[in-house]
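S.K.: Below are the sequence and a predicted model; questions follow.
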2 protein chains.
Amino acid sequence: MRTVLSSAGRETVIGPAEPFCIIGERINPTGRKIFQQQLRAGDLSRIEIDVADQLAGGAMVLDVNMGAPLADEAELMVRAVKLIQGRTDLPLCIDSSIVEVLDAGLAAYQGKALVNSVTAEDERLAAILPLVARHGAAVIGLPNDEEEIPAEPHRRVELARKIIDVATSQYGIAIEDIVIDPLAMPVGADTSLVGTTLETIALLRDEFGVNMTLGASNVSFGMPDRHAIGAAFLPMAISAGLTSAIMDARSPQIVRAVKAADLLLDRDAWGAARCAAIQAAQASQAAQPQGGP
Amino acid sequence: MRTVLSSAGRETVIGPAEPFCIIGERINPTGRKIFQQQLRAGDLSRIEIDVADQLAGGAMVLDVNMGAPLADEAELMVRAVKLIQGRTDLPLCIDSSIVEVLDAGLAAYQGKALVNSVTAEDERLAAILPLVARHGAAVIGLPNDEEEIPAEPHRRVELARKIIDVATSQYGIAIEDIVIDPLAMPVGADTSLVGTTLETIALLRDEFGVNMTLGASNVSFGMPDRHAIGAAFLPMAISAGLTSAIMDARSPQIVRAVKAADLLLDRDAWGAARCAAIQAAQASQAAQPQGGP
């Protein structure tokens, strides 16, 4: 299955036969105090650095989240989308929990975006899927609902099925345009959680063959040596069927792990993507003093 | 299933609920010209450095191969086993293609060793399994025979079944003491080979539940950035069911990938092994000028 995202000038395809799709997580004020202050003051200049760093690191799509408390998130999202699309032709992932912000971002966006995200809650499905359909976008579906984030992989599969059924039958969204998030939790909270995620990935692949993405940095949250954990987690998840991740595209260690996984799983028969990534990682390491948080 | 190896003073257990078993590959003259010359001259002093480096890196078992052309390999093996057992209490893996060398090494060894290796060839089974049984050792079984190294995972499983059947029914060797090698080939030769290995691992786990080991460095043979490839391959293989590898225990990047995989797959609930590995990797990096090849 191929999920085709685009900007005005370029396509990025998510799929099991494509190189693993690296979605850069960095343009997000969560946990970034200075960036939050800048956004509240209407200063978006930091985004240019974040775009450049993630491009250098090997991002193929950029997630854009403007969730700064007390700011006009919709206006910031529109400005950010326009700014970023003036700097790069990478497709974007419009990320907000607020429906109006998603709508504003999608309206400002040129191309076919990825929407981050909808849950299996009836209210959220009814609010967000019409936007996705109207803007011709793709959407990330999270298999949790009003009651729970299921601990059990099969229950996650059932909630994914609900999202897929509603999106395709009620809103005419193609299954290719639904990217399911198997839900990655911090291993520091409970060491059995990664096994649950890996099992969910394998089940979703076998059951629907859909594309999948997850927040890879969640896994190592709160742990020492986070990059080593991410660099081990992603090859496991990729071999189970994960086709994309929202991740730290600025980490040479993690990006190289992804490129090595592509090579090992025969997704990059000519090694071209891998060579480019090694070069980019070296360039990004050389440039690190500028590119810090 | 638990494969228990021992020295006079210590046990190392290979098993799916144990931390992944790192078997250090370094004590092997293949591709090491100076070490070969030293061995031919009867000089085993280099082994002491290799033992120390691999201990510092996190090895849990040490492979010992004395395959230097024109040398008396049996005599070297006996001397090496005694030397190493005087320096460390890690269990050893006695590695030779020559039956007499295996016999001499096992006779000199104190504890329960791992024998590397037997194939599914009738002649090799008949020559090596009696030694394994007589010395109360464990053995690595390679699923290839006179005719082929099977390209097809199910055929490898059938040859593994032959080894297991012969060893258990004709020689009384417990299935716990048979460690199957799913056969890892260079990805540089053919990018589909890693998929074959991963599929074989999953089949062997589901079919027999046996412990498994493989030569992890084979995968990255001839490729640039070998450590990144090894560091991505092993987490994939471990999540498919691999419980051990003969590998470069001196590479902090690869050892950390293994420790992160243990953490992510809940084999190291207290993080103790991981912390020790991070410290060892730091110590080994600090000591690298002495420890080079």
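M.R.: Cool, the structure landed.
S.K.: which residues in chain A form helices?
M.R.: A:33-40, A:45-57, A:73-87, A:99-108, A:122-134, A:153-165, A:171, A:193-208, A:226-240, A:252-264, A:272-286, A:288-291 (DSSP state H).
S.K.: Where among those is average confidence lowest?
M.R.: With a mean of 44, helix A:288-291 has the lowest mean pLDDT of the helices of chain A.
S.K.: Tell me who's in contact with the residue most central in space within chain A.
M.R.: Nearest residue to the geometric centre of chain A (C-alpha atoms, centre = their mean): A:Ile246, 3.2 Å. Residues in contact with A:Ile246 (C-beta atoms under 8 Å, 6 or more residues apart in numbering or on different chains) are A:23-25, A:63, A:93, A:116, A:213-217. Bear in mind the C-beta positions are built from the backbone N, C-alpha and C, glycine included.
S.K.: count of residues packed around the closest residue to chain B within the stretch 1-150 of chain A?
M.R.: The stretch 1-150 of chain A approaches chain B most closely through A:Phe20 (11.0 Å), counting by C-beta to the nearest C-beta. Around A:Phe20 there are 27 other residues, counting by other C-beta atoms under 10 Å in any protein chain shown.
S.K.: nearest residue to it other than its sequence neighbours?
M.R.: Of all residues not flanking A:Phe20 in the chain, A:Val258 sits nearest, at 5.1 Å (C-beta to C-beta, 6 or more residues apart in numbering or on different chains).
S.K.: Repeat that for A:Arg26.
M.R.: Closest to A:Arg26 by C-beta to C-beta, 6+ apart is A:Asp50, at 4.6 Å.
S.K.: Verify the stated contact: A:Gln54 with A:Leu62.
M.R.: Yes: at 6.1 Å, A:Gln54 counts as touching A:Leu62 under the criterion of C-beta atoms under 8 Å.
S.K.: Check the contact lists of those two and give me the overlap.
M.R.: Joint contacts of A:Gln54 and A:Leu62 (C-beta under 8 Å, 6+ apart) are A:24, A:26-27.
S.K.: Around chain B, pick out the residues from the stretch 51-200 of chain A.
M.R.: A:187, A:191-192, A:194-195, A:198 (C-beta under 8 Å from any C-beta of the partner chain).
S.K.: Can you select the buried ones from the residues you listed in ChimeraX?
M.R.: A single ChimeraX command selects the buried members of these (16 or more other C-beta atoms under 10 Å in any protein chain shown):
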select /A:187,191,194,195,198
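S.K.: Go through the residues of the stretch 51-200 of chain A next to chain B and say which is closest to B:Gly222.
M.R.: When these are compared for distance to B:Gly222 (C-beta to C-beta), A:Leu198 wins out at 30.4 Å.
S.K.: Quick one: residues contacting the closest residue to the closest one other than its chain neighbours.
M.R.: Nearest non-adjacent residue to A:Leu198, counting by C-beta to C-beta, 6+ apart: A:Ala240, 5.0 Å away. When contacts are counted by C-beta under 8 Å, 6+ apart, A:Ala240 touches A:198, A:201-202, A:205, B:239.
S.K.: And A:Ala232, how far from A:Leu214?
M.R.: 15 Å (C-beta to C-beta, to the nearest Å).
S.K.: Help me confirm that A:Leu193 comes into contact with A:Met185.
M.R.: Yes: with contact defined as C-beta under 8 Å, A:Leu193 reaches A:Met185; the gap is 4.0 Å.
S.K.: give me phi/psi at the residue lying farthest from the centre of chain A?
M.R.: Most distant from the centre of chain A: A:Ala41, at 26.7 Å, with distances by C-alpha atoms, centre = their mean. For A:Ala41, the backbone dihedrals (degrees, to the nearest 10) come out as phi -90, psi 0.
S.K.: and stretch A:100-107, which residues are buried?
M.R.: Buried-residue list, stretch A:100-107, by 16+ other C-beta under 10 Å: A:101-106.
S.K.: ah, wrong one, I meant stretch A:153-164
M.R.: A:153, A:155-157, A:159-164.
S.K.: for those residues, which one is nearest chain B?
M.R.: A:Pro153 (14.5 Å).
S.K.: That closest one: what's it in contact with?
M.R.: Here A:Pro153 is in contact with A:196, A:199-200, A:203 (C-beta under 8 Å, 6+ apart).
S.K.: re the thing from before, put together CSV for the contacts of A:Ala240, with distance to A:Pro143 on each row.
M.R.: Listed next are the contacts of A:Ala240 as CSV, based on distance: C-beta to C-beta, whole Å:
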residue, distance to A:Pro143
A:Leu198, 15
A:Ile201, 12
A:Ala202, 14
A:Arg205, 14
B:Ser239, 21
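S.K.: quick one: terminal-to-terminal distance for stretch A:10-26?
M.R.: In stretch A:10-26, first residue to last residue: 21 Å (C-alpha to C-alpha, to the nearest Å).
S.K.: Skipping adjacent residues, who's closest to A:Glu199 in space?
M.R.: Closest to A:Glu199 by C-beta to C-beta, 6+ apart is A:Pro153, at 4.3 Å.
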